[in-house]
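S.K.: Would you be able to build a 3D model of this:
(one chain, ligands or ions: 1)
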Amino acid sequence: MKYKILLIEHDGSSLRVLKRVIGKANLDVVTATSLTEAKIIFEHSTPESFLCAVVDYQLPDAKHGEAIDFAIASFVPVIVITSQTETDVRDRILSKAVVDYIPKSNAQIYEYLSRLLTRLEKNKRVGVLTVGGNNKSRSAIYSLLTRHNFITYQAANAASAQKLLQAHPHIKLMITDQALPDSTGVDFVANVRKQYNKEQLSIIGTSDKADPALLANFIKSGANDYLRKPYCHEEFFCRVLQNVEYVEQIEVIKRTANTDYLTGLPNRRHFFSQVSDIIQRKPEQRSLALLDLDHFKNINDTYGHDYGDIVLKETAKMMKKHFSQDCVSRFGGEEFCVFMHDLTPEQAFEKVEHFRQAVSERVFKRRTKRIQCSISIGLTHLEAHTIEDLLCVADEHLYKAKAKGRNCVIQDTPHKLPKAVGE
Ligand SMILES: Nc1nc2c(ncn2[C@@H]2O[C@H](COP(=O)(O)OP(=O)(O)OP(=O)(O)O)[C@@H](O)[C@H]2O)c(=O)[nH]1
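M.R.: Next up is the predicted model:
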């Protein structure tokens, strides 16, 4: 779903720049040049369809920030832009429940606004948990986070916080106070770290105590950051965003390291760790298939490497769909692998045989070119202890499938005799 931004701005040149900035963040923009126009827009649409409102502090019919109050009262998060940089205006704006305040001081602020809008959209998928024994202070943090579109949770003690962490794996940040009824914040952080490392969950410790050792204790016990109360609105969000982005960046790095760049399938390394975990859990049934496109070199040589890439990507898409319940991987070149568990050998055979047929019937099209290709498959169900052993047997079967003329499945029969099927 593409979110909308309500832009309330009367200055023509600023309006044009802001529209471009919002478009850059891949969001739709609805404009109003006055508070009256904004009210009419809300009469004809639901505030929930707006990700946020970008509001000029001073409008012809709302000279003292009344448009901000209107948007907040309509439950739309508000980013204020203003050419007034006086401290009292800034303080007045920040005393309202706004997301942020951006002075129109230089071109760089538009870049900041674009990043902020992208962040507000992403925050809708990020969970943040606030833990603290003091209801008022915890609720204040909770309300600040809600303003930034985070999925927010709160817990009054360590035990309920642990339960929330377990129940909601999308929680990427926990903000915990030192004063908890059933633990100290520092001990609680140390406990949480036994289960969640810094790459999975960022933690910020907070306290109103002016004890310099507390910061160090929090960090040594596993917190990523520390925030001394009282804090200012802007510092709070800078730290929250920095810590959320840390976890997200690690996720991107992990995803990139585990994914085959061409097809988007898990790569060989990721497949090994995924399958080794399953094998250790000793599922009753397990089968492994090695799949290799036939005469793929001919496709490259005849139609070009780009076309070969298309065939690989399309085959990968077919695999994702056909083996959606199983572990699939591109091993490299034109070779793929599938690990199936909790299927009988008969079911596993039927599944790979259907896939072989689907590939041989598939016409790969690009402009005027239309070609077909086939796939050979080695399949094993043997009770091997490691993935390497299973691969070794599947590879022998694949070799036999190629030797037999390709476009077929060779598997170990219940009597362990390789048998040709297909063609
Ligand atoms: N387009 C493209 N080709 C690749 C890629 N990786 C490997 N190849 C090509 O895949 C081909 C594999 O050729 P061979 O190992 O001789 O196997 P084959 O032609 O499929 O023959 P059989 O496996 O015996 O049926 C080579 O031409 C590689 O250059 C890739 O990412 N993209």
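S.K.: Can you give the distance from stretch 355-366 to the centre of its chain?
M.R.: 32 Å (CA atoms, centre = their mean, to the nearest Å).
S.K.: helix, strand or coil for G205?
M.R.: Here G205 takes the strand state, with states given by DSSP: H, G, I helix; E, B strand; the rest coil.
S.K.: helices and strands of the chain: which one bottoms out on pLDDT?
M.R.: One helix or strand of the chain scores below all others by mean pLDDT, DSSP states H and E: strand 418-422, with a mean of 47.
S.K.: Report the spatially closest residue to whichever residue of the stretch 51-200 of the chain sits closest to the ligand, excluding sequence-adjacent ones.
M.R.: Relative to the ligand, the nearest point of the stretch 51-200 of the chain is E199 (30.0 Å; CB to the nearest ligand atom). Using the backbone N, CA and C atoms, a C-beta is placed for each residue, glycine as well. Excluding its sequence neighbours, the residue lying closest to E199 (CB to CB, 6 or more residues apart in numbering) is I250, at 4.4 Å.
S.K.: Now do the contacts for I79.
M.R.: Contact analysis of I79 by CB atoms under 8 Å, 6 or more residues apart in numbering lists 52-55, 98-102, 113, 116-117.
S.K.: So what does it have for phi and psi?
M.R.: Phi and psi for I79, reported as degrees, to the nearest 10, are phi -110, psi 130.
S.K.: Where does the residue nearest to E199 sit, in terms of helix or strand?
M.R.: Using DSSP states H and E, I250 sits within helix 233-258.
S.K.: just to revisit the earlier point, give the burial count for the residue of the stretch 51-200 of the chain closest to the ligand, as a bare number.
M.R.: Residues lying near E199 (other CB atoms under 10 Å) number 13.
S.K.: Wait, a helix at it?
M.R.: No - counting by three-state DSSP, E199 is not found in a helix; it is coil.
S.K.: near the ligand, which residues of this protein show up?
M.R.: 262, 292-297, 300, 305, 308-309, 312, 333-334, 402, 406 (CB under 6 Å from any ligand atom).
S.K.: so of the residues you listed, which ones are in strands?
M.R.: When DSSP state E is applied, the residues of the chain next to the ligand are split such that 292-293 fall in strands.
S.K.: Out of the residues of the chain next to the ligand, which is nearest to S374?
M.R.: Of all these, S374 sits closest to D294, with 4.7 Å by CB to CB.
S.K.: For the chain, give me the ranges with low pLDDT.
M.R.: 1, 283, 414-423 (pLDDT under 70).
S.K.: Find the closest residue to the ligand in it.
M.R.: Residue nearest to the ligand within the chain: G308 (2.7 Å; CB to the nearest ligand atom).
S.K.: Could you measure from the closest residue to that residue other than its chain neighbours over to S276?
M.R.: Spatial nearest neighbour of G308, excluding adjacent residues (CB to CB, 6+ apart): N300 at 4.2 Å. Note on N300: its distance to S276, by CB to CB, to the nearest Å, is 33 Å.
S.K.: Just the buried residues of the helix holding I250, please?
M.R.: For helix 233-258, burial by neighbour count (16 or more other CB atoms under 10 Å) applies to 233, 236-237, 239-241, 243-244, 246-247, 258.
S.K.: so which pair among the residues you listed is furthest apart in space?
M.R.: Of all pairs in these, the most separated under CB to CB is H233 and N258 at 38.0 Å.
S.K.: wait, isn't H397 in contact with D412?
M.R.: Yes - counting by CB atoms under 8 Å, H397 touches D412, with 7.0 Å between them.
S.K.: Same drill for the two, tell me which one is more crowded.
M.R.: H397 (23 against 20).
S.K.: so that one is in which element?
M.R.: Counting by DSSP H and E, H397 is part of helix 387-403.
S.K.: List the contacts of the residue of the stretch 51-200 of the chain closest to the ligand.
M.R.: 247, 250, 254.
S.K.: So the second one versus M174, what's the distance?
M.R.: The reference is to I250. Plainly put, I250 is 16 Å away from M174 if you go by CB to CB.
S.K.: Wasn't L227 part of a strand?
M.R.: Yes - checked against three-state DSSP, L227 lies within a strand.
S.K.: Surely N217 is within a strand?
M.R.: No - checked against three-state DSSP, N217 lies outside a strand; its state is helix.
S.K.: my guess is it contacts V186, does it?
M.R.: Yes - using CB under 8 Å, N217 is in contact with V186, at 4.8 Å.
S.K.: can I see the domain layout of the chain?
M.R.: According to automatic domain parsing, the chain comprises the domains 4-121, 125-258, 268-422.
S.K.: Distance from the chain centre to the longest one, please.
M.R.: On the basis of CA atoms, centre = their mean, domain 268-422 sits 29 Å off its chain's mean C-alpha point.
S.K.: got a list of what A394 touches?
M.R.: Counted by CB under 8 Å, 6+ apart, A394 has contacts 288-290, 337, 378-380.
S.K.: If we use 6 Å, what do you get?
M.R.: A394 makes contact with 288, 290, 378, 380, according to CB atoms under 6 Å, 6 or more residues apart in numbering.
S.K.: burial of the last one, as a residue count?
M.R.: When counting by other CB under 10 Å, one arrives at 28 neighbours for T380.
S.K.: For it, give me phi and psi.
M.R.: Phi and psi for T380, reported as degrees, to the nearest 10, are phi -130, psi 150.
S.K.: Would you confirm that it contacts C392?
M.R.: No - with contact defined as CB atoms under 6 Å, T380 does not count as touching C392 (8.9 Å).
S.K.: Tally up the residues packed near the residue nearest to G308, please.
M.R.: Count around N300 with other CB under 10 Å applied: 16.
S.K.: Was I right to think it contacts Y307?
M.R.: No - here N300 lies out of contact with Y307, judged by CB under 6 Å, at a distance of 7.7 Å.
S.K.: Tell me how far K209 lies from Y3.
M.R.: With distances taken as CB to CB, K209 is found 41 Å from Y3.
S.K.: Please say which of these two ends up with more neighbours.
M.R.: Per other CB under 10 Å, whichever of K209 and Y3 has more neighbours is Y3, with 17 against 12.
S.K.: Could you check how far that one is from K124?
M.R.: Applying CB to CB, the value for Y3 to K124 is 9 Å.
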